[in-house]
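**Q** A predicted structure for the sequence below; I have some questions about it.
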Amino acid sequence: MKKNILILVVLTLLIVASCSLAPQQPSAPAPASGGGEAAGGSLSGDAAAIAQERSLSPDDITAALKTYLPTGVHDDYVIFASGGHSGQMLVIGVPSMRLLKLIAVFTPEPWQGWGYGAGNEVLDQGNVNGREVRWADTHHPALSETEVDYDGQFVFINDKANARVAVVDLRDFETKQIVKNPVAIMDHGGTMVTPNTEYIIEGGQYAAPLGWEYAPLSDYNDSYRGHVTFWKFDRDKGRIDQDNSFSIELPPYWQDLCDSGKLVSEGWIFCNSFNAERATGGVEKGEPPFEAGASQGDTDYMHIFDLNKAVATFKAGKTMDINDFPVISLQTAIDEGILYLTPEPKSPHGVDVTPDGNFLVVSGKLDPHVTVYSFDKIMSTIKAGQWDTDDYGVPVLALDDVKEASVEVGLGPLHSQFDNQGYAYTSLFLDSAVARWTLGGDFADKHPEEPWQLVSKISVHYNIGHLLTAEGDTVSPDGKYMVAMNKWAIDRFANVGPLLPQNFQLIDIDNTGENMQLLYDMPIGIGEPHYAQMIKYDKLSPWEVYPEIGWDPQEQAVSPNVVQQGEEKVVRNGNEVEVFMTAVRSHFSPEHVEIKEGDHVTWHITNVERAYDATHGFSIPAYNINLSLEPGEHITFEFDADQPGVFSYYCTEFCSALHLEMTGYLVIEPDGSSAMLDQ
Ligand code: CUK
Ligand code: CUA
């Protein structure tokens with residue numbers, strides 16, 4: 001009974017507290033009033049009974065109260081997460097951890113009609129050597145930034161497996177472009193952005209001859225190379241400007257993750273690497289396996305790039321061509337002072353620039369420390385010309401000259417994020433935990449503890465990879481929330497067979513000095529997301545409906561093929577047939593499309609609705625056509641009428657009471673039939 005009373009007291013206190021805190025809600029419909037009478041601070045007996053019946057602890061109850069959103073209330077934050085192998089992107093609300101959307105990116109997606117008559121041109125941009133590659137291993141989404149703050153306009157994501165980068169426009173949450181890297185067949189360290197999104201960074205991973213030419217493994221040191229690619233972003237066009245993009249050739253160390261400098265370090269780019277040993281594997285030939293060969297040395301190399309010099313070198317034309325793409329050669333990068341290295345202990349992973357731009361944090365997967373580098377020291381060491389060189393002649397700054405601190409955080413550190421109170425958070429894969437530790441420098445005044453010290457840890461479940469904090473990659477992180485992106489879920493969810501979901505765990509980091517609190521577990525059952533970013537919801541301003549009737553989302557303008565109501569028709573010219581169709585609740589016009597086998601069909605369809613959420617689907621069986629037409633949207637698709645017969649096209653979104661009647665007949669007369677249709 002004592003426990004029961006405790007729960008009751010906690011609940012009452014919490015409800016009183018949460019009401020007096022007056023959480024800022026985005027303008028949203030008022031929540032439907034529930035049965036409970038919370039405002040006065042009294043608690044209905046039901047709540048205590050429910051808590052007791054479900055054996056909820058006081059921590060469980062606070063976690064529930066911190067994450068529950070009444071109907072109609074919107075989340076404060078939105079996460080853009082990699083969809084891992086799904087090749088897509090996830091949009092998740094925080095603190096509710098509700099999945100709001102899956103954005104189709106590299107992979108066809110039927111609900112959005114992506115790849116079934118729409119989006120095919122964008123997907124084709126990602127073809128590799130002419131082959132349709134319709135999956136991706138998406139790793140690192142990056143929101144566009146203005147002055148190192150998320151601006152809510154675009155989000156980018158890379159495909160590790162095929163070295164591709166995609167651009168998503170956040171006005172309509174649709175993918176607008178995919179670029180295939182001409183220099184490398186695969187990547188990893190994308191898609192971080194420079195402070196005003198001038199460039200999108202795409203770093204390499206497993207070294208190979210540039211342009212994915214052939215060279216035997218015995219030529220590894222001479223012929224295999226790493227790369228980093230800088231994609232120029234044209235914000236007005238909302239596209240990567242491939243003509244003003246370039247790569248830098250790098251030694252065949254395995255470049256891993258990159259981050260852009262900010263504020264004082266703006267104009268500099270940092271990428272960690274591993275396998276500076278240049279192990280080439282071959283366990284079956286008696287060679288050390290990669291996992292041993294690539295971790296023999298005590299240190300690998302952080303790569304430090306002077307981006308301004310790189311851009312000047314590219315603009316001066318001091319490049320070579322790989323698959324018609326400009327590449328600054330390794331020698332030129334050395335000669336022009338573009339590239340420097342410095343050692344990083346021990347099989348490093350991740351490099352993260354602190355919000356003030358002064359420090360770089362690198363984790364050593366096999367080292368219980370994070371190493372903190374001083375940008376200031378890096379600059380003065382470079383200015384002093386104080387370095388050795390590696391086997392390729394690249395300047396190597398001594399670790400002791402550039403190191404600021406090393407902080408013992410725990411086993412298997414991977415990635416670091418930051419809050420607004422001078423703390424850093426590092427994921428610990430082997431410990432299955434997140435370490436909170438103190439930053440020094442100007443951050444030292446923000447927290448009561450000594451700088452560069454472990455403060456506390458929280459267990460996560462299990463084997464955490466990346467983590468993210470609210471606005472965590474900007475110059476002004478919000479604190480509040482952290483999400484642990486856990487690779488293993490094991491026992492956290494109901495058993496669904498041997499392939500388990502990932503586990504995103506929402507953690508409250510707002511209670512400084514106290515323990516961080518685990519709030520919520522969210523299973524991700526579509527692939528292995530690596531990274532994500534969290535933006536304040538009120539920074540996003542997506543359209544509710546497309547701005548005008550006939551909108552082509554690929555051009556972000558009214559289509560020249562827009563079909564207005566009253567102008568629907570079917571036009572024949574030889575065996576070229578053009579269909580002009582509108583969709584509106586609850587009919588397509590025309591409702592009969594009668595054509596002949598062998599016709600080539602160009603079909604224009606406009607959703608002429610202006611009402612919020614009045615989406616119509618459009619599908620043609622057997623022809624693999626399936627569209628999603630949002631209010632105002634126009635789509636043009638083509639097909640060859642090679643299968644005669646009768647095909648009912650219909651609306652696939654339950655749009656109205658007479659949705660089932662929203663259909664029509666596509667009648668395709670067999671070739672050679674005598675009863676020629678008169679069109
Ligand atoms: S990597 Cu996955 S846990 Cu691709 Cu960013 Cu570190
Ligand atoms: Cu339109 Cu159903």
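**A** In hand now; what should we look at? Ligands and ions are numbered 1, 2, ... in the order given.
**Q** tell me which helix or strand comes right after the helix or strand containing Phe305.
**A** In this structure, Phe305 sits in strand 299-306 according to DSSP states H and E. Using DSSP H and E, the helix or strand that follows strand 299-306 in sequence is helix 307-315.
**Q** returning to that earlier point: which strands and helices sit next to the strand holding Phe305?
**A** Applying 3 or more CB pairs under 8 Å, 6 or more residues apart in numbering; DSSP states H and E, one finds that strand 299-306 makes contact with strand 268-274, strand 339-345, strand 348-353. C-beta here means a position set from N, CA and C on the backbone, and glycine is covered the same way.
**Q** go again using 7 Å as the cut-off
**A** If you count contacts as 3 or more CB pairs under 7 Å, 6 or more residues apart in numbering; DSSP states H and E, strand 299-306 packs onto strand 268-274, strand 339-345.
**Q** where does pLDDT dip in the chain?
**A** Within the chain, the stretches with pLDDT under 70 are 1-43, 512-514, 674-679.
**Q** rerun at 80
**A** Counting by pLDDT under 80, the ranges of the chain that qualify are 1-45, 511-514, 673-679.
**Q** quick one, domains of it?
**A** 77-539, 551-669 (automatic domain parsing).
**Q** what does this protein put close to ligand 1?
**A** Proximity of the chain to ligand 1, by CB under 6 Å from any ligand atom, involves residues 139-140, 188, 257, 349, 414-415, 465-466, 530-531.
**Q** make TSV out of those residues and add secondary structure and neighbour count.
**A** As requested, the residues of the chain next to ligand 1 are exported to TSV (DSSP: H, G, I helix; E, B strand; the rest coil; neighbours: other CB atoms under 10 Å):
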residue	secondary structure	neighbour count
His139	coil	24
His140	coil	26
His188	coil	23
Leu257	strand	29
His349	strand	22
Leu414	strand	21
His415	strand	25
Gly465	strand	20
His466	strand	24
His530	coil	25
Tyr531	coil	25
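**Q** considering these, which is situated nearest to Val91?
**A** Tyr531 (14.4 Å; CB to CB).
**Q** what sits against that closest one?
**A** By CB atoms under 7 Å, 6 or more residues apart in numbering, the contact set of Tyr531 is 82, 139-141, 466.
**Q** max pairwise distance over the residues you listed: which two?
**A** Pro141 and His466 (10.7 Å).
**Q** now Ser406: closest residue in space that isn't a chain neighbour?
**A** His369 (4.5 Å; CB to CB, 6 or more residues apart in numbering).
**Q** and if you look at Val667?
**A** In space, Val667 is closest to Glu594, 4.6 Å off (CB to CB, 6+ apart).
**Q** now the one you found: which helix or strand?
**A** Assigned by DSSP H and E, Glu594 falls in strand 592-596.
**Q** give me the most central residue, the protein.
**A** Most central in the chain under CA atoms, centre = their mean is Pro141, positioned 2.4 Å from the mean C-alpha point.
**Q** spit out the contact partners of that one.
**A** Pro141 makes contact with 80-82, 89, 155-157, 531-533, according to CB under 7 Å, 6+ apart.
**Q** so who does Leu500 touch?
**A** Ala489.
**Q** ramachandran coordinates for it?
**A** Here the main-chain torsion angles of Leu500 (degrees, to the nearest 10) amount to phi -100, psi 150.
**Q** got it, and Tyr462?
**A** phi -140, psi 170.
**Q** just checking, it touches Met485?
**A** No: contact criterion CB atoms under 7 Å: Tyr462 and Met485 do not qualify, at 11.7 Å.
**Q** between those two, which one's more packed in?
**A** Between Tyr462 and Met485, counted using other CB atoms under 10 Å, the more crowded position is Met485 (26 against 18).
**Q** residues near Asn127, how many?
**A** Using other CB under 10 Å, Asn127 has 15 other residues around it.
**Q** now Gly130
**A** Gly130: 6 neighbours (other CB under 10 Å).
**Q** just to revisit the earlier point, winner for burial among the domains of the chain?
**A** Most buried of the domains of the chain, by mean neighbour count (mean count of other CB atoms under 10 Å): domain 77-539, with a mean of 20.
**Q** what pairs with the residue nearest to Ser406 across the strands?
**A** Glu408 (DSSP bridges).
**Q** likewise Asp300?
**A** Glu344.
**Q** rewinding a little: okay if I get the residues of the chain next to ligand 1 as CSV plus distance to ligand 2?
**A** CSV is the format used below for the residues of the chain next to ligand 1 (distance: CB to the nearest ligand atom, whole Å):
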residue, distance to ligand 2
His139, 37
His140, 37
His188, 43
Leu257, 45
His349, 49
Leu414, 47
His415, 44
Gly465, 41
His466, 40
His530, 37
Tyr531, 37
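**Q** from these, which is closest to Gly117?
**A** His139 (29.0 Å).
**Q** hang on, the closest one packs against Phe156?
**A** No: assessed by CB under 7 Å, His139 is found out of contact with Phe156, at 11.2 Å.
**Q** quick one, what contacts whatever residue of the chain ends up closest to ligand 1?
**A** In the chain, the residue found nearest to ligand 1 is Gly465; the distance is 2.9 Å by CB to the nearest ligand atom. Taking CB under 7 Å, 6+ apart, we find Gly465 in contact with 414, 427, 429, 485, 487, 530.
**Q** next, give me the two most distant ones among those residues.
**A** Greatest spatial distance in the contacts of Gly465: Phe429 and His530, 12.6 Å, computed using CB to CB.
**Q** helices of the chain, start to end?
**A** 2-20, 45-53, 58-67, 120-125, 220-223, 290-293, 307-315, 330-335, 375-383, 399-402 (DSSP state H).
**Q** save these as a markdown table, and put in distance to Phe493 too.
**A** Formatted as a markdown table, the helices of the chain follow (distance: least, CB to CB, whole Å):
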| stretch | distance to Phe493 |
| --- | --- |
| helix 2-20 | 25 |
| helix 45-53 | 22 |
| helix 58-67 | 16 |
| helix 120-125 | 32 |
| helix 220-223 | 43 |
| helix 290-293 | 30 |
| helix 307-315 | 43 |
| helix 330-335 | 48 |
| helix 375-383 | 42 |
| helix 399-402 | 43 |
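**Q** of all those, which one comes closest to ligand 2?
**A** helix 120-125 (22.4 Å).
**Q** export only the CA atoms of stretch 292-299, formatted as PDB.
**A** Output of stretch 292-299 as PDB, limited to C-alpha atoms (Å, rounded to 0.1, in the frame of the first residue of the first chain):
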ATOM      1  CA  ALA A 292      43.600  -7.400 -36.800                       C
ATOM      2  CA  GLY A 293      45.600  -5.900 -39.600                       C
ATOM      3  CA  ALA A 294      43.700  -2.600 -39.600                       C
ATOM      4  CA  SER A 295      44.100  -2.200 -35.800                       C
ATOM      5  CA  GLN A 296      47.800  -3.100 -35.400                       C
ATOM      6  CA  GLY A 297      49.000   0.500 -35.100                       C
ATOM      7  CA  ASP A 298      48.400   2.700 -32.000                       C
ATOM      8  CA  THR A 299      47.200   5.500 -34.100                       C
END
